[in-house]
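Asker: From the sequence below, what's the structure:
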Amino acid sequence: MRWPTFGLVYDYFATHSITMKLSQIASALDVRLENGSPDTEISGLNGIEHAGPGELTFVSNPKYAAAARSTTASAVIVGEDFPAISAAMLRAKDPYLTFARALELFHQPLRYAPGIHATAVIHASARIGANAHIGPYVVVDENVEVGANAVLLAQVVIYRGVKIGNNFFAHAHAVVRENCRIGNNVLLQNGVVIGADGFGFAKTPDGHWHKIPQPAPVVIEDDVEVQANSCIDRASVGETRIGRGVKVDNLVQVGHGSHVGEDVLLCAQVGLAGSTEIGNKAILTGQVGVVGHCKVGEGAIVTPQSGVAHDIPAGALVSGAPAVDHKQWLKYSAILPRLPEIARAVRTKKS
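Answerer: Below is the predicted model:
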């Protein structure tokens with residue numbers, strides 16, 4: 001099937017400037033307008049230190065309170081107990097989330113017209129749902145199932161036997177390997193690889209490395225986003241599973257057989273070795289590494305560049321390598337610059 005309109009990519013707001021009155025914005029966001037005219041027109045959004053007339057901004061961090069008092073923005077999204085300022089205020093329970101929703105009012109994502117590019121290669125046994133946009137040089141192998149409203153941009157490759165739900169979006173050069181399962185509303189950014197072989201090798205008696213087969217799939221549940229150049233490996237047995245609502249940042253590695261719970265954040269350059277378990281709503285910040293077979297409990301937070309070499313209890317805040325309770329790590333850090341002085345004192349005392 002070919003549509004003559006293939007390749008039509010449009011963004012209404014990119015070609016049509018949009019202006020909304022404060023009253024319209026307040027109604028759409030379900031927030032309270034205070035100290036401003038409901039007819040004030042807003043044509044865009046900006047950060048607190050750069051916003052000017054006709055723009056909407058926000059304050060969620062107290063350190064920007066002074067900037068809010070001097071801003072020339074037409075309106076500011078603030079918390080419900082934020083002190084009054086001269087600009088119009090939209091009072092919200094969560095200013096940061098409200099600002100994110102306001103951005104959606106002014107900046108709709110690009111929309112891609114349904115169609116299959118002439119250079120796409122789709123196996124006869126593949127089933128593609130309604131309203132799909134299949135871009136140039138996309139490859140969809142045999143026995144693949146893709147739900148409705150999928151967007152597969154240039155050079156996306158879907159291996160055989162993959163099953164994908166509705167509203168799938170794969171940016172250029174994303175790859176989903178054989179027999180993986182992907183839920184609804186999943187977004188893969190550029191260069192993501194889902195289901196590459198896990199890093200499994202057994203040493204032979206003569207010291208060579210024998211590859212362990214990795215046939216078990218990756219399972220990605222609904223509402224997951226995986227950002228650029230991240231890799232989620234398949235397993236030798238069982239599965240690698242990414243829970244509902246997980247957000248994976250750029251350059252993250254999820255090892256074979258790992259299980260990541262719901263609503264977890266894996267920030268940039270996090271590395272999970274094989275068979276790691278991450279509890280629901282845990283947050284692993286930038287460059288955290290987790291040793292294989294370790295468990296990070298529900299709601300735990302691991303601070304940047306920490307190394308997890310043992311299980312972390314639910315709700316813990318840990319830092320350092322090896323990771324310890326954050327308050328303990330702060331004490332270590334305070335002592336560290338004084339170690340040469342302390343060492344000299346110890347040597348002097350011994351002598």
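
Asker: Find the residue at the geometric middle of the protein.
Answerer: Lys247 (3.3 Å; Cα atoms, centre = their mean).

Asker: thought it was touching Leu265?
Answerer: Yes - counting by Cβ atoms under 8 Å, Leu265 is a contact partner of Lys247 at 5.4 Å. C-betas here are computed from N, CA, C, even on glycine.

Asker: now Glu34: how far from Ala84?
Answerer: Distance of Glu34 to Ala84, given as Cβ to Cβ, to the nearest Å: 8 Å.

Asker: and if you look at Gln305?
Answerer: For Gln305 relative to Ala84 (Cβ to Cβ), the value is 41 Å.

Asker: now Gly147
Answerer: With Cβ to Cβ as the criterion, Gly147 and Ala84 are 49 Å apart.

Asker: Where does pLDDT dip in the stretch 51-200 of the chain?
Answerer: Applying pLDDT under 70 to the stretch 51-200 of the chain picks out no residues at all.

Asker: Let me see the ranges of the helices in the stretch 201-350 of the chain.
Answerer: Using DSSP state H, counting those that start in this stretch, the helices found in the stretch 201-350 of the chain span residues 326-335, 339-350.

Asker: quick one on the thing from earlier: tell me which of Glu34 and Ala84 has more neighbours.
Answerer: More crowded of Glu34 and Ala84, by other Cβ atoms under 10 Å: Glu34, with 15 against 10.

Asker: hmm, back to that, got a list of what the residue nearest to the centre of the chain touches?
Answerer: 224-225, 227, 264-266 (Cβ atoms under 8 Å, 6 or more residues apart in numbering).

Asker: Of the residues you listed, which belong to strands?
Answerer: With DSSP state E as the criterion, strands contain 225, 265-266 from among the contacts of Lys247.

Asker: who wins for most neighbours among those?
Answerer: Leu266 (29 neighbours).

Asker: Identify the bridge partners of that residue.
Answerer: Val248, Leu284 (DSSP bridges).

Asker: any idea how far it is from Asn250?
Answerer: Leu266 is 10 Å from Asn250, by Cβ to Cβ.

Asker: Of all the helices of the stretch 201-350 of the chain, which one comes closest to Glu277?
Answerer: Set against Glu277 and scored by Cβ to Cβ, the helices of the stretch 201-350 of the chain come closest in helix 326-335, at 21.1 Å.

Asker: tell me the mean pLDDT over that closest one?
Answerer: Helix 326-335 comes out with an average pLDDT of 92.

Asker: Can you give me the buried ones in that helix?
Answerer: 326, 329 (16 or more other Cβ atoms under 10 Å).

Asker: and if you look at stretch 232-249?
Answerer: Neighbour-count burial for stretch 232-249 [16+ other Cβ under 10 Å]: 232-235, 239-249.

Asker: One more: stretch 287-298?
Answerer: Those would be 288-291, 294-298, for stretch 287-298 by 16+ other Cβ under 10 Å.

Asker: out of these, which one sits closest to Gly207?
Answerer: For those, the nearest to Gly207 is Val291 (24.0 Å; Cβ to Cβ).

Asker: Which neighbouring residues are in contact with the closest one, exactly?
Answerer: Counted by Cβ under 8 Å, 6+ apart, Val291 has contacts 273, 276, 307-310.

Asker: can you check Tyr96 too?
Answerer: Here Tyr96 is in contact with 58, 60 (Cβ under 8 Å, 6+ apart).
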